[in-house]
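*Asks:* what follows is a predicted protein model with its sequence.
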Amino acid sequence: MRYAHTVQAVRDAEDALMARLPEGVLMQRAAAGLAAVGAEVLGRVYGSRVVVLAGSGSNGGDALYAGARLARRGAAVTAVLLSPERAHTAGLAALRAAGGRAVGTEDAAAPIARAHLVYDGIVGIGGKGGLRPQAADLMRAVYDARAAVVAVDLPSGVDADTGEVAGDAVRADVTVTFGTYKPGLLIDPAAGLAGALRLIDIGLGDDLGVPAVEALQNADVAAMLPRPGGESDKYRRGVVGIVAGSDRYPGAAVLAVSGAIRGGAGAVRYVGGGGAAVLARHPETLVSTGSPHAAGRVQAWVVGPGLGDSAAARTAVEEVLASDVPVLVDADGLRLMSRDAVLARNAATVLTPHAGEAAALLGRPREAVEASRLDAVRALAGAYGATVLLKGSTTLVASPSALEPVRVNPTGTAWLATAGSGDVLSGLAGSLLAAALPAADAASAAAYLHGLAARLTPPPLTALDVATTLPSAWPL
Ligand SMILES: NC(=O)C1=CN([C@@H]2O[C@H](COP(=O)(O)OP(=O)(O)OC[C@H]3O[C@@H](n4cnc5c(N)ncnc54)[C@H](O)[C@@H]3O)[C@@H](O)[C@H]2O)[C@@H](O)CC1
Ligand SMILES: Nc1ncnc2c1ncn2[C@@H]1O[C@H](COP(=O)(O)OP(=O)(O)O)[C@@H](O)[C@H]1O
Ligand SMILES: [K+]
């Protein structure tokens, strides 16, 4: 698992650790990591030209000390001090002692134009709001110079706790972060500005509390997924029921079933008007028309993809929500469900909106959901007492309890923004629910496999390609 902690958790851990260590040790650990990554990016340090953009806090201090380390190895290092009177005194002295120099912003143009590498030490976890105009101007000059940008702890201007970006922010090639990941490094829009992430261990380990955000890694997913054993039969492995598609949208039925049959359940029941299309593609499906409760026993339901908004569709959603097994609601189901029906449930409910659907449920503009994905997914999970999977670039999964870390999906590709890929995801997640995975595990493992399958599929990909590639994404 990869973990991210809030600014407050990092500060508490740093305080606890600093009380046991001599002054300055943590900053030296940070600077050593930063200099090592800078050297890697440069390839050859001796004779290279490095600019340190140094703000007024410890983030600038880290960058100045890293600059000093590279200067000792023969780099020409110029610090640009954004607030010369408040620059980190000891860091600046170390840089000068190593042969580096410092200038004000008025003299920054020439060194920036010739730089191979620029450290963004403008602000770190103490930052508030976007880049101020002077810093934004400096960064434009840096991009024009095509220098490599290494952000110190996080790209300046992004919100460390939420991934929100209010105004201008640094666009980094690499971000070297200290002690633990910050939520903003893993969640868009900020994550898209961080470039490659490098975590430097500064010893916070045991002092860090519960993470705010976590990302499954391959081994985590492997440990969660169902595996049939000698005693298994198709019913014990779990049966998933899919209520999807309509005369108008039979394709959604095929796609949801295609995800479900590759999700580890022992059998898939399909209920609805798309049975002929489903059977043509997936003859192993148990197909019925009529109402869901007449279809036979299932261990989880998926309801909504391509369902339309007929009276029968509404009744089907109500019926499924009234059941005592886990239910995943997607697409049209999200419009047809009532909040009271979700809140009244005893078994788990998983909602899988994209940003537009989440916006409608929350009564916020779509742009607000995309700008504040973490807040939106938590708000929905709280309001519905449900596990919520918010789709899009950096898919998030929140549990009904605010104490649980939000999961951010580390796989995926923007090629997934193609019609019907969400239907495959809902079928897959429903299948994992039927195989008895807890709701957050089913949703986050499904997002992981779906995103990995998409990466393994040559672009431009179709939704059905993703479903077909799922077995290659399944960890051995
Ligand atoms: N506390 C520690 O022991 C350690 C801290 N470390 C570094 O220290 C950083 C945190 O340092 P600080 O708490 O001093 O805070 P920062 O250096 O992140 O920033 C605080 C300063 O920036 C100013 N500021 C805030 N928002 C701004 C904006 N939008 N534009 C321009 N200036 C802005 C504030 O007025 C304040 O002076 C971490 O991100 C990390 O880089 C590391 O050295 C590891 C150890
Ligand atoms: N920009 C993006 N980057 C990565 N993944 C994306 C992006 N946009 C959409 N996706 C993914 O593509 C899928 C689309 O699902 P959805 O919006 O429900 O489409 P549909 O209803 O057509 O199936 C989701 O898994 C979502 O996370
Ligand atoms: K920074």
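*Replies:* Structure's in. What do you need? Ligands and ions are numbered 1, 2, ... in the order given.

*Asks:* for the protein, what lies in contact range of ligand 2?
*Replies:* 331, 354, 391-393, 395, 412-414, 416-417, 419-423, 425, 450 (C-beta under 6 Å from any ligand atom). In short, each C-beta sits where N, CA and C put it, glycine included.

*Asks:* give me the buried subset of the residues you listed.
*Replies:* By neighbour count, with 16 or more other C-beta atoms under 10 Å, the residues of the chain next to ligand 2 hold 331, 354, 391-393, 395, 412, 416, 420-423, 425, 450 as buried.

*Asks:* which of the helices or strands spans Thr315?
*Replies:* helix 311-321 (DSSP states H and E).

*Asks:* just Ala90 next, same as before
*Replies:* helix 89-97.

*Asks:* that helix and ligand 1 in contact?
*Replies:* No. Using C-beta under 6 Å from any ligand atom, helix 89-97 stays clear of ligand 1, with a minimum separation of 9.6 Å.

*Asks:* which strands or helices does that helix pack on?
*Replies:* strand 49-54, helix 58-72, strand 76-81, strand 101-104 (3 or more C-beta pairs under 8 Å, 6 or more residues apart in numbering; DSSP states H and E).

*Asks:* would JSON lines of those with mean pLDDT and mean neighbour count be doable?
*Replies:* Converted to JSON lines, those look like this (pLDDT from 0 to 100; neighbours: other C-beta atoms under 10 Å):
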{"stretch": "strand 49-54", "mean pLDDT": "98", "mean neighbour count": "28"}
{"stretch": "helix 58-72", "mean pLDDT": "98", "mean neighbour count": "27"}
{"stretch": "strand 76-81", "mean pLDDT": "98", "mean neighbour count": "25"}
{"stretch": "strand 101-104", "mean pLDDT": "98", "mean neighbour count": "15"}
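
*Asks:* can you redo the ones you listed as TSV with distance to Leu464?
*Replies:* Below are the helices and strands packed on helix 89-97 laid out as TSV (distance: least, C-beta to C-beta, whole Å):
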stretch	distance to Leu464
strand 49-54	48
helix 58-72	47
strand 76-81	53
strand 101-104	58
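
*Asks:* out of the ones you listed, which comes closest to ligand 1?
*Replies:* helix 58-72 (3.1 Å; C-beta to the nearest ligand atom).

*Asks:* just the C-alphas of the closest one, formatted as CSV.
*Replies:* Output of helix 58-72 as CSV, limited to C-alpha atoms (Å, rounded to 0.1, in the frame of the first residue of the first chain):
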residue,chain,number,x,y,z
SER,A,58,11.8,25.5,5.4
ASN,A,59,10.9,24.4,1.9
GLY,A,60,13.3,27.0,0.6
GLY,A,61,15.8,25.8,3.3
ASP,A,62,15.7,22.2,1.9
ALA,A,63,16.3,23.5,-1.6
LEU,A,64,19.2,25.8,-0.5
TYR,A,65,20.9,22.9,1.3
ALA,A,66,20.4,20.7,-1.8
GLY,A,67,21.9,23.4,-3.9
ALA,A,68,24.9,23.6,-1.6
ARG,A,69,25.5,19.8,-2.0
LEU,A,70,25.4,20.1,-5.8
ALA,A,71,27.7,23.2,-5.6
ARG,A,72,30.2,21.1,-3.7
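
*Asks:* picking that back up, any idea which helix or strand comes after the helix holding Thr315?
*Replies:* strand 327-329.

*Asks:* partners of that following strand in the sheet?
*Replies:* strand 300-303 (parallel), strand 349-351 (parallel) (DSSP bridges).

*Asks:* helices of the stretch 101-250 of the chain, residue ranges please.
*Replies:* 109-113, 133-145, 183-186, 218-224, 250-260 (DSSP state H, counting those that start in this stretch).

*Asks:* make a markdown table from these and add distance to Gly273 to it.
*Replies:* Below are the helices of the stretch 101-250 of the chain laid out as a markdown table (distance: least, C-beta to C-beta, whole Å):
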| stretch | distance to Gly273 |
| --- | --- |
| helix 109-113 | 63 |
| helix 133-145 | 54 |
| helix 183-186 | 41 |
| helix 218-224 | 34 |
| helix 250-260 | 7 |
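
*Asks:* which of those helices sits closest to Arg335?
*Replies:* With C-beta to C-beta as the measure, helix 250-260 is the member of the helices of the stretch 101-250 of the chain nearest Arg335 (14.2 Å).

*Asks:* tell me how far that closest one lies from the chain's centre.
*Replies:* Centroid separation for helix 250-260 versus its chain: 26 Å, with C-alpha atoms, centre = their mean, to the nearest Å.

*Asks:* for that helix, C-alpha coordinates in CSV please.
*Replies:* Below are the C-alpha coordinates for helix 250-260, written out as CSV (Å, rounded to 0.1, in the frame of the first residue of the first chain):
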residue,chain,number,x,y,z
PRO,A,250,-28.7,-3.2,-25.2
GLY,A,251,-24.9,-2.6,-25.4
ALA,A,252,-24.7,-1.5,-21.8
ALA,A,253,-26.0,-5.0,-20.8
VAL,A,254,-23.3,-6.7,-22.8
LEU,A,255,-20.6,-4.5,-21.4
ALA,A,256,-21.6,-4.8,-17.8
VAL,A,257,-21.9,-8.6,-18.2
SER,A,258,-18.5,-8.8,-19.9
GLY,A,259,-16.9,-7.1,-16.8
ALA,A,260,-18.9,-9.3,-14.4
